[in-house]
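> I would like to see how this sequence folds:
(chains A and B)
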Amino acid sequence: MAISTWKTCCKAVNSEILVLQKYFMFSSEEVSAQNQVKASVQRKIRQSIAEEYPGLEPVLEDLLPKKSPLIVAKCPNHLNLVLVNNVPLFFNIRDGPYMPTLRLLHQYPNIMKKLQVDRGAIKFVLAGANIMCPGLTSPGGVLDDEVEAETPVAIMAEGKQHALAIGFTKMSAKDIRTINKGIGVDNMHYLNDGLWKMERLE
Amino acid sequence: MAEKPQPVQVLYCGVCGLPAEYCEFGPDFEKCKPWLIQNAPDLYPDLIKEAGAGDADKVSDQLQSTSISSDGSSKPKEEVKRLPGGKIKKKEKQEVIIEKVTRNKRKWIKLNDASKKLGKKFATGASVVKGPTEKEQIDVQGDIAYDIVEFITDTWPDVPESAIFFIEDGKKVSALNVE
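From the prediction side, this is the model:
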C-alpha cells in the first residue's frame, strides 16, 4: 500500500521538479589521476572527436596537436577530461561520446546541433537542472527536428547569442515535441559550473 | 571545404566570468553593472540611462572599488593562492588550497625546507608530494589557515602579502592526497 502511493507520488513530482544532476560540481582537488595517454589511445580520441564534430576537423590539428601530449584526467562520477597544455577541451562520461567544454563551444559555436530553451528555463539550467520538454516546446524554445536521442547538443537560450549549456538528449526532438513531458535533455555542463571555472588544471 | 573556422572571441564579464549577456543571471548583477557599463555598453543600454540619470559619481566610485578589489583580492573568504612554481599547500579538513604567486619576484621557495619549517612551526606532519603534472604540493595536517599567512610573510620576506591568495571551499570532502 505504502509503496504504490509512494510511486504515484514520485511520478507526479517528477514532471514538476527539475532533477539536479551536477556533473561538474567538484574542485580540481578531486581529480583522482592525470595520465598522459599513449599514442594509440590519443589517436582513438582524436578520431572519435573528428567523427562527432566534423565541423572541427580543419582546426583539430591546432586544438589537439599530434605532437602535444594529451592528458586525460579522471574525475568523480566516471568523468574524464581531455586536457591539452593543462586546458580542458573535451570531456566524456564512462565511454560515452566526447563533448566540448563550453569555453571551446563558444569559440566554435557551429560544431554541434543547437536546441534552445525559453527564457524562464535559463536560471534553472544555470543551477544544473536538466532540460524538461516544455522548456523546448514553448514559444521561446527552438527544436531542431533532426536531432536524435543520445546526442550531444548545444543548449542555447532565448534572446542570447552564446550557448548556455552542453546537453545530451534523452529523447529525440520528435518525441520531445509529441510527448512533451519529462526530461528531454540531460544537462552535462553549464555556465559557471566546476568545469567552466577550471580554465586550467594546475 | 577546407576553410578554417576562426575561433569566436567571447566577451566574458570581468566580474562574474559569464558571457556578458548572462550577467543578469550571475551571482551578483549589481557588481557586474559598473563593469558592463564600461565594457559592454551595447548589451545593457538601460544601465547607461540608469547611471546617467544623475549618479555619474557613484558609478565611477564603484568602478574604482571594483578594480581595486579585483587587484588586491583581499576578501578573506574567497581568495585563491596560486604558485606558478607549483606550490600548493593544503589543509586536510577544510580543503583550503593555498598556492603562492610569485609573479614579480620569480623566487622559488625551496619545498623541502618549507615543509620542514611548516611541520616544526605547527607541530604537525608536513610532507612534500609530487603531483603528476608539474605541480608539487606541501600537505600540512591540521587547521592552519589564518596562521599560514603570517608565517609565510614572516619567514619568506620575498613574498608580499598581496601575492598570497586563499581558497575556501565549503566542502567536507577530505583531500585525496597522500596521507
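> interface residues of chain A facing chain B?
In this structure, chain A approaches chain B at residues A:27, A:29-30, A:32-35, A:55, A:58-59, A:71, A:86, A:106-110, A:122-123, A:126, A:157, A:160-162, A:164, A:191-192, A:196-197, A:201-202, judged by CB under 8 Å from any CB of the partner chain. (Each C-beta comes from the backbone N, C-alpha and C, glycine too.)
> let's see which of the residues you listed end up in helices.
A:58, A:59, A:106, A:107, A:122, A:123, A:196, A:197 (DSSP state H).
> of the residues of chain A next to chain B, grab the buried ones for PyMOL.
The buried residues among the residues of chain A next to chain B can be selected in PyMOL (16 or more other CB atoms under 10 Å in any protein chain shown) with this line:
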select buried, chain A and resi 29+30+34+59+71+86+106+107+108+109+122+126+157+162+164+191+192+196+201+202
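> let me see the domain layout of chain A.
Domain ranges of chain A: A:3-101, A:107-190, per automatic domain parsing.
> pick the most buried one from those domains.
Of all the domains of chain A, domain A:107-190 has the most neighbours on average by mean count of other CB atoms under 10 Å in any protein chain shown, namely a mean of 20.
> tell me the mean pLDDT over it?
Domain A:107-190 shows an average pLDDT of 94 in the prediction.
> what strand or helix carries the residue nearest to residue A:57 when sequence neighbours are not counted?
Closest residue in space to residue A:57, ignoring its immediate chain neighbours: residue A:50 at 5.7 Å, by CB to CB, 6 or more residues apart in numbering or on different chains. Element membership for residue A:50 (DSSP states H and E) is helix A:39-52.
> how distant is that helix from the center of its chain?
19 Å (CA atoms, centre = their mean, to the nearest Å).
> against which helices or strands is it packed?
For helix A:39-52, the packing partners by 3 or more CB pairs under 8 Å, 6 or more residues apart in numbering or on different chains; DSSP states H and E come out as helix A:57-63, strand A:70-75.
> between the last one and helix A:39-52, how many degrees?
Using axes from the mean of the first three to the mean of the last three CA atoms, to 10 degrees, the inter-axis angle of strand A:70-75 relative to helix A:39-52 is 80 degrees.
> what does strand A:70-75 rub up against?
A:26, A:30-37, A:41-42, A:45, A:64, A:80-84, A:86, A:88, A:201, B:133 (CB atoms under 8 Å, 6 or more residues apart in numbering or on different chains).
> which pLDDT value belongs to residue 10?
Here I'm looking at chain A. 42.
> please refer instead to chain B.
Reading off the model, residue B:10 has pLDDT 90.
> doesn't it belong to a strand?
No - Residue B:10 is assigned coil when assessed by DSSP: H, G, I helix; E, B strand; the rest coil, not a strand.
> you'd agree it is up against residue B:19?
Yes - using CB atoms under 8 Å as the test, residue B:10 is close enough to residue B:19 to be in contact (5.3 Å).
> okay, and the common contacts of those two?
A:106, A:162.
> which one of the two is surrounded by more residues?
Applying other CB atoms under 10 Å in any protein chain shown to residue B:10 and residue B:19 shows that residue B:19 carries more neighbours, namely 22 against 18.
> that one: what's it in contact with?
Going by CB under 8 Å, 6+ apart, residue B:19 touches A:106, A:160, A:161, A:162, A:191, B:10, B:11, B:12, B:13.
> equivalent analysis for residue A:143, please.
A:115, A:116, A:136, A:137, A:173, A:176, A:177.
> how about whichever residue of chain A sits closest to chain B: what's its closest non-neighbour residue?
Using CB to the nearest CB, residue A:107 is the residue of chain A that sits closest to chain B, at 3.7 Å. Among residues not flanking residue A:107 along the chain, residue B:7 sits closest, at 3.7 Å (CB to CB, 6+ apart).
> looking at this, that neighbour is in a helix?
No - the assignment for residue B:7 is coil, going by three-state DSSP, so no helix is present there.
> what is the neighbour count of it?
For residue B:7, using other CB under 10 Å, the count is 14.
> for it, what are phi and psi?
Dihedral pair for residue B:7: phi -60, psi 140, per degrees, to the nearest 10.
> low-confidence ranges, chain B, go.
Low-confidence segments of chain B (pLDDT under 70): B:1-3, B:47, B:50-115, B:117-119, B:121-122, B:124-179.
> swap the cut-off to 80 and go again
Filtered on pLDDT under 80, chain B yields the residue ranges B:1-4, B:40-179.
> show me where chain A has strands.
Using DSSP state E, the strands found in chain A span residues A:33-36, A:70-75, A:79-84, A:87-93, A:99-100, A:114-117, A:131-132, A:152-157, A:165-169, A:183-190.
> a markdown table for the contacts of residue B:19, including distance to residue A:75?
Shown next, in a markdown table, are the contacts of residue B:19 (distance: CB to CB, whole Å):
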| residue | distance to residue A:75 |
| --- | --- |
| A:106 | 22 |
| A:160 | 28 |
| A:161 | 30 |
| A:162 | 25 |
| A:191 | 19 |
| B:10 | 25 |
| B:11 | 29 |
| B:12 | 23 |
| B:13 | 26 |
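> of the residues you listed, which is the nearest to residue A:76?
residue A:191 (20.7 Å; CB to CB).
> was I right to think the closest one contacts residue B:18?
Yes - under the criterion of CB under 8 Å, residue A:191 makes contact with residue B:18 at 5.3 Å.
> got the contact list for the closest residue to chain A within chain B?
At 3.7 Å from chain A, residue B:7 is the closest residue in chain B, using CB to the nearest CB. Applying CB under 8 Å, 6+ apart to residue B:7 gives the contacts A:59, A:107, A:108.
> same deal with residue A:162?
Taking CB under 8 Å, 6+ apart, one finds A:106, A:109, A:156, B:10, B:19, B:21, B:22 in contact with residue A:162.
> counting neighbours, what do you get for the last one?
Per other CB under 10 Å, the neighbour tally for residue B:22 reads 22.
> name the SS class of it, please.
Three-state assignment for residue B:22 (three-state DSSP): helix.
> so it makes contact with residue A:163?
No - contact criterion CB under 8 Å: residue B:22 and residue A:163 do not qualify, at 10.3 Å.
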